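Q: Got a sequence here, can you model it:
(one chain, ligands or ions: 4)
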Amino acid sequence: MSARACATGVAYLAKERAAAIEAVESASRVCKAVFKKLVTDETLTKKDKSPVTVADFSAQAVVNSIIEKHFPDDAIVGEEDAKDLRGDEGRALREKVVDLVNSTTKHPMSADEILRAIDRGQYAGGPTGRHWALDPIDGTKGFLRGEQFAVCLALIIDGKVRLGVVGCPNLPYNISKPDEERGVLAVAVEGQGAFQRKLGTDQSAETRISVSNVMETRDASFCESVEAAHASHSDNAKIAALLGISKQPVRMDSQCKYVAVARGDADIYLRLPTSNTYVEKIWDHAAGNVIMQEAGGRVSDIEGKELDFSIGRTLSANKGVVAAGAGIFDTVIAAVKTTLANKR
Ligand SMILES: Nc1ncnc2c1ncn2[C@@H]1O[C@H](COP(=O)(O)OS(=O)(=O)O)[C@@H](OP(=O)(O)O)[C@H]1O
Ligand SMILES: [Mg+2]
Ligand SMILES: [Mg+2]
Ligand SMILES: [Mg+2]
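A: Ligands and ions are numbered 1, 2, ... in the order given. So this is what the prediction gives:
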């Protein structure tokens, strides 16, 4: 039992953990249904983003309504808002979202209920109390390509991430068997370790995950964003060279990268900023952060500072992200600092 178990013997955040998994499972089903129905060769060649827009809104509605059902007083910081679904202009999109949500849930929701559920995600965040952080689809571009994306939900209490769940519908359960079953759910509660199970299974199927025990960075592999606009591939390459890394980077969209490093598929996650102006959002990192830490890893910004989830909707006190196993983390941060100092 965890050190933070309460007097009744129920593990710390057990009810929240179960609710978050229910929400991420449901939203993952919504995303898969959208992909099947709406992503076609034509939408791909036209670079039509409308399928992922429908999936984003539908997944946020589903997650927020499940959180509200279990914890009616909890606030939510969600990436999306329902502005584009309102009025005559929003009618076509609204109808698609209502159809989608109701085709995948047992309890049909009206259009108004769906819009209200989406807009429960407008909370400003901050240092006290409890709020959830939701990215209904992280890695929207990966979703459209049929590659990696993730449904990411975290619970922040008094400014720190205490619980994280990441659903990865397209991630192989076993990375050494990429042609076998796909669909992973990763979960961690502060103090209780990190676990994975196949999406669609229950807690009895969970196995503990941990970061690799690589001790020499020259033996390591790193992962980074697919989109060069989201992380500087050239800075990442310089850091890798300094660390003696010869393996090609594993490029992958979304917080699946945190899951990959947390279970030892890769050893380092590098997200070097591409501009001085972009501010990372809490929903892009909260769930992955606690999963990495509970898997025995460390996460910081490019200066080695912990990510500060207590400020609001953004990580405005941090620049970039670096994550790695505890055994090599300090060496990686030193290489990041040297590389950035050489640029000045
Ligand atoms: N300029 C810039 N710098 C850093 N990050 C940015 C930037 N622009 C967008 N974003 C956010 O990146 C989220 C996608 O995550 P990844 O970068 O891991 O995925 S990807 O490989 O690039 O697709 C993506 O999340 P989603 O919108 O949920 O897909 C964005 O919030
Ligand atoms: Mg995102
Ligand atoms: Mg998103
Ligand atoms: Mg987005």
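Q: so what does the helix or strand where Ala20 lies touch, helix or strand wise?
A: Per DSSP states H and E: Ala20 is located in helix 14-38. Using 3 or more CB pairs under 8 Å, 6 or more residues apart in numbering; DSSP states H and E as the contact test, the elements touching helix 14-38 are helix 50-70, helix 91-104, strand 130-138, strand 150-157, strand 160-172, strand 182-189. No exception for glycine: its C-beta is placed from N, CA and C like everyone else's.
Q: That helix: how far from the chain's middle?
A: 13 Å (CA atoms, centre = their mean, to the nearest Å).
Q: What of stretch 34-49?
A: Using CA atoms, centre = their mean, the offset of stretch 34-49 from its chain centre is 23 Å.
Q: So which bits of that stretch are buried?
A: Applying a neighbour-count criterion of 16 or more other CB atoms under 10 Å, one finds Val34, Phe35, Leu38, Val39 buried in stretch 34-49.
Q: okay, the residues you listed in TSV with distance to ligand 3 and pLDDT next?
A: Putting those into TSV (distance: CB to the ion, whole Å; pLDDT from 0 to 100) gives the following:
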residue	distance to ligand 3	pLDDT
Val34	14	91
Phe35	15	89
Leu38	17	85
Val39	16	80
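Q: now these as TSV including distance to Ser310?
A: Below are the buried residues of stretch 34-49 laid out as TSV (distance: CB to CB, whole Å):
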residue	distance to Ser310
Val34	34
Phe35	35
Leu38	38
Val39	38
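Q: Counting by contacts, list what the lowest-mean-pLDDT helix or strand in the chain packs against.
A: Lowest on mean pLDDT, DSSP states H and E among the helices and strands of the chain sits helix 41-45, with a mean of 82. If you count contacts as 3+ CB pairs under 8 Å, 6+ apart, helix 41-45 packs onto helix 140-145.
Q: And the contacts of the helix it packs on?
A: Applying CB atoms under 8 Å, 6 or more residues apart in numbering, the contact partners of helix 140-145 are 31, 35, 39, 43-44, 49, 51-52, 55-56, 137, 148-149, 170, 226-227, 252-254, 256.
Q: Keep only those residues that also lie close to ligand 1.
A: Applying CB under 6 Å from any ligand atom, the subset of the contacts of helix 140-145 adjacent to ligand 1 comprises Ile137, Val226, Glu227, Asp253, Ser254.
Q: Point out the most buried one among the helices and strands packed on helix 14-38.
A: Mean neighbour count (mean count of other CB atoms under 10 Å) peaks for strand 150-157 among those, with a mean of 28.
Q: So is it next to ligand 3?
A: No. Using CB under 5 Å from the ion, strand 150-157 never reaches ligand 3; the gap is at least 8.1 Å.
Q: Sheet-wise, list the partners of that strand with their directions.
A: Neighbouring strands of strand 150-157 in its sheet, by DSSP bridges, are strand 130-138 (antiparallel), strand 160-172 (antiparallel).
Q: any chance of these in CSV, plus mean pLDDT?
A: As requested, the strands paired with strand 150-157 are exported to CSV (pLDDT from 0 to 100):
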stretch, mean pLDDT
strand 130-138, 98
strand 160-172, 98
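Q: near ligand 3, which residues of the stretch 101-250 of the chain show up?
A: Contacts of the stretch 101-250 of the chain with ligand 3, taken as CB under 5 Å from the ion, map to Asp135, Ile137, Asp138.
Q: show me the contacts for the second one.
A: What that stands for is Ile137. Contacts of Ile137 (CB under 8 Å, 6+ apart): Cys31, Val52, Ala55, Asp56, Ala59, Phe143, Phe149, Ala150, Val151.
Q: So among those, where is pLDDT lowest?
A: Least confident by pLDDT among the contacts of Ile137: that is Val52, with 88.
Q: Ignoring the adjacent residues along the chain, who's closest to that one?
A: Spatial nearest neighbour of Val52, chain neighbours left out: Thr140 (4.7 Å); criterion: CB to CB, 6 or more residues apart in numbering.
Q: State the distance from the one you found to ligand 2.
A: Separation of Thr140 from ligand 2 (CB to the ion, to the nearest Å) stands at 7 Å.
Q: ok, that residue to Lys32 distance?
A: From Thr140 across to Lys32, the span is 15 Å (CB to CB, to the nearest Å).
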